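Enquirer: Just to be clear, the model below is a prediction. Sequence and coordinates:
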Amino acid sequence: MRDLYPPCHALTQEEKCRRSLRGGGYALICGLPPTRASLLDLGRHFGRVIRHELASPDGIYDVRITTGERAHCGRTSAELAPHTDSPFLETPPTILVLQCVVPARTGGLTLLVDGRQLHQSLLALGSPRELSALDDPLPYTRGIHRLSRQLFIRSKDRVQISYRSDCIARAVCNSAQLALCERVDQYISSRRRQEIVALSTGDILVIDNKRTLHGRTGFPAADRRHYRRLWCDGSLQRGSSGFVPMVASQPGSLTSTPARGPNDAGC
Ligand SMILES: O=C(O)CCC(=O)C(=O)O
Ligand SMILES: [Fe+2]
C-alpha cells in the first residue's frame, strides 16, 4: 500500500490532504491511532459533520456487520459496488472520512473509481442515446427518500458526480437512462477502472464524495471487520470538490488535461 500521507506536522498534514483531494479526489493518511478522536479531529478540517440517521451522537457511523434495527446495506459482508454516498438526499455529504479500525482477514478492500475519468470515458464513448440521458435526472429511492439527480452536475468550472446504482428506481427510468446506467455500471465494476486500497488499522481515507466513487470487496461473514465513517459538508474545503473536466481539443477526440493522482499532488 502506498503511504501518500505520512503523519508529520499537523498543519502540513492538513495541507497535504487538501492537495491530494484536489488533485486526485482522495487522500490516504497512514499511522494515526485508530480512535474516534483521531477521526473526529481530522473531520474537523472538512467542515461540519453531517449525521447519518444511524450514526452515534458524535456523528460517527460504525461500519461492521450489524443485525436488527441498526442493520444497513453497508453493515454486511457483501461486496459494495462503487458509489457516491446518499445521492437520494437533498444535500449529500461532500467529504467522506473512512477509518480502518479492524481490517478483514481476507477481502474487505476499498475500491475507488475516479468520476473524472468516468466522465471523460462517457463523453468519448457513449452513444448519442446514452449521452442524451445525461440531461435527465436519475430517479433515486431509498426508504423514505425520493429524489432525482443528474449523474453529473456542473457548478462553475467544476463538475460533480452522484451515482448509486442500487438505489435507482429502474422501473421509472426511460430506455436511454437504463442504457446509461448499464454503461456506468460496466465501467465502475471493471477491476481495470478501480483503484484497490488495503487499509490497515489506523489508516484513514478522505474521499471527495463529489468526485470519487467508493465501494469495497466482500469478505467472510466470520471476519470482525470494523471501519468508521464520518460525513462532512466540505464547508472548510474552499469550494474545490468535484473535478475540472478534461477538455475536447477537436471533435471526436478528447485531450486530457494532465491526470493527477494523489501521488503527484505535491505531497
Ligand atoms: O465498508 C466500506 O469500506 C465502505 C462502506 C460504505 O460504502 C459506506 O460506509 O459508505
Ligand atoms: Fe458508501
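Expert: Looks like it came in fine. Numbering: from 1, shown residues only. Ligands and ions are numbered 1, 2, ... in the order given.

Enquirer: any weak-confidence spans in the stretch 151-267 of the chain?
Expert: Regions of the stretch 151-267 of the chain meeting the criterion pLDDT under 70 cover residues 237-239, 248-267.

Enquirer: redo that, cut-off 50
Expert: Confidence mapping of the stretch 151-267 of the chain against pLDDT under 50 gives the ranges 249-267.

Enquirer: Please enumerate the strands of it.
Expert: If you assign secondary structure with DSSP state E, counting those that start in this stretch, the strands in the stretch 151-267 of the chain sit at 152-155, 158-161, 195-197, 204-208, 212-216, 226-232, 247-250, 253-255.

Enquirer: which of those sits most buried?
Expert: Per-residue neighbour counts averaged over each of the strands of the stretch 151-267 of the chain give the maximum for strand 204-208, namely a mean of 25 (mean count of other CB atoms under 10 Å). The way it works is simple: take the backbone N, C-alpha and C, and place the C-beta from them, glycine included.

Enquirer: In the sheet, which strands lie alongside that strand, parallel or antiparallel?
Expert: According to DSSP bridges, strand 204-208 forms sheet pairs with strand 26-29 (antiparallel), strand 95-102 (antiparallel).

Enquirer: for these, which one sits closest to ligand 1?
Expert: Using CB to the nearest ligand atom as the criterion, the shortest distance between ligand 1 and these is 6.2 Å, found for strand 95-102.

Enquirer: Which residues does that closest one contact?
Expert: Under the contact criterion CB atoms under 8 Å, 6 or more residues apart in numbering, strand 95-102 has outside partners 21, 32, 34, 38-39, 42-43, 46-47, 63, 85, 110, 199-209, 214, 224-234, 237, 241.

Enquirer: let's see 6 Å
Expert: With contact meaning CB atoms under 6 Å, 6 or more residues apart in numbering, strand 95-102 is reached by 34, 39, 43, 46, 85, 199, 201, 203-207, 209, 224-230, 232, 234.

Enquirer: Same question for stretch 104-116.
Expert: When contacts are taken as CB under 6 Å, 6+ apart, the neighbours of stretch 104-116 outside the stretch itself are 25, 82, 161, 188, 193-198, 211-219, 223, 225, 243.

Enquirer: show me which of those residues neighbour ligand 1.
Expert: Contacts with ligand 1 within these, counted by CB under 6 Å from any ligand atom: 214, 216.

Enquirer: which secondary structure element contains the closest residue to ligand 1 within the stretch 51-200 of the chain?
Expert: When distances are taken as CB to the nearest ligand atom, the stretch 51-200 of the chain reaches nearest to ligand 1 at residue 74, 4.0 Å away. Using DSSP states H and E, residue 74 falls within no helix or strand.

Enquirer: can you start the count at 507 instead of 1 from here on
Expert: Okay, using 507 as the starting number, the last item reads as residue 580.
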